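K.L.:
got a predicted structure plus its sequence, pasted below:
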Amino acid sequence: MRDLRPLQAGLVAGVIGTAMMTLSEVVEAKVTGRDPSTVPGQVGASLIGRADDDATIGRLNTPVHWAHGISMGVVRAAIGSTSLSPTSATLAHFASVWAGDALLYRSLEIAPWPTEWPPRELATDLFHKGVYAAVTGATFEYLVSSPSDAARDRSAA
């Protein structure tokens, strides 16, 4: 599946990044005893004017989580088309995902500014968004590289 066009690679990378972030969230929640996040559902419900409807929040939680993660893979593709190195592009992607989410949550009145979050909640959010950005970035770079790039990399080692 290598040599994909950047947009396609971004979408695939977004799927894989979202899957790995979801896995990290599930494992972390089991270890810490934290309830699963309903923030994606709250975002979706707020955007359609049903912010106080728990049933809508529950119905939208998983689809919004996946749609957001997949679509942010396209953002990684856009960043990857710049002159940034793969590492710098992944860091820029992480910053855009995390800051964009924080601004969205605040603008929809779902959460206060991150400076007001409890330290553990902030660390948890940063960790999971970091997992997402790292996996999405690595997957994107792999998918847009050609087999000849891989052979050249192996021979240079």
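P.N.:
Cool, got the structure.

K.L.:
look up how far residue 109 lies from residue 37.
P.N.:
Distance, residue 37 to residue 109, by CB to CB, to the nearest Å: 17 Å. Yep, even glycine has a C-beta here, placed from its N, CA and C like the rest.

K.L.:
of the two, who's got more company?
P.N.:
Comparing residue 37 with residue 109 by other CB atoms under 10 Å, the one with more neighbours is residue 37, at 15 against 10.

K.L.:
the more buried one reaches residue 24, doesn't it?
P.N.:
No - counting by CB atoms under 8 Å, residue 37 stays clear of residue 24, with 12.0 Å between them.

K.L.:
residue 69: what's it in contact with?
P.N.:
By CB atoms under 8 Å, 6 or more residues apart in numbering, the contact set of residue 69 is 14, 15, 17, 18, 21, 132.

K.L.:
name the next helix or strand downstream of the strand or helix carrying the fifth one, please.
P.N.:
The reference is to residue 21. Using DSSP states H and E, residue 21 falls within helix 6-32. Downstream of helix 6-32, the next assigned helix or strand under DSSP H and E is helix 39-47.

K.L.:
for that next one, enumerate the helices and strands it packs against.
P.N.:
For helix 39-47, the packing partners by 3 or more CB pairs under 8 Å, 6 or more residues apart in numbering; DSSP states H and E come out as helix 54-80, helix 86-107.

K.L.:
by how many degrees do the shortest one and helix 39-47 diverge?
P.N.:
Helix 86-107 runs at 50 degrees relative to helix 39-47, counting by axes from the mean of the first three to the mean of the last three CA atoms, to 10 degrees.

K.L.:
so how far is helix 86-107 off the chain centroid?
P.N.:
Centroid separation for helix 86-107 versus its chain: 9 Å, with CA atoms, centre = their mean, to the nearest Å.

K.L.:
what's the burial count for residue 74?
P.N.:
By other CB under 10 Å, 17 other residues sit near residue 74.

K.L.:
phi, psi for residue 135 please.
P.N.:
Main-chain torsions, residue 135, degrees, to the nearest 10: phi -70, psi -40.

K.L.:
please list all residues in contact with it.
P.N.:
13, 16, 17, 20, 21.

K.L.:
now do residue 139
P.N.:
Per CB under 8 Å, 6+ apart, neighbours of residue 139: 9, 12, 13, 16, 17.
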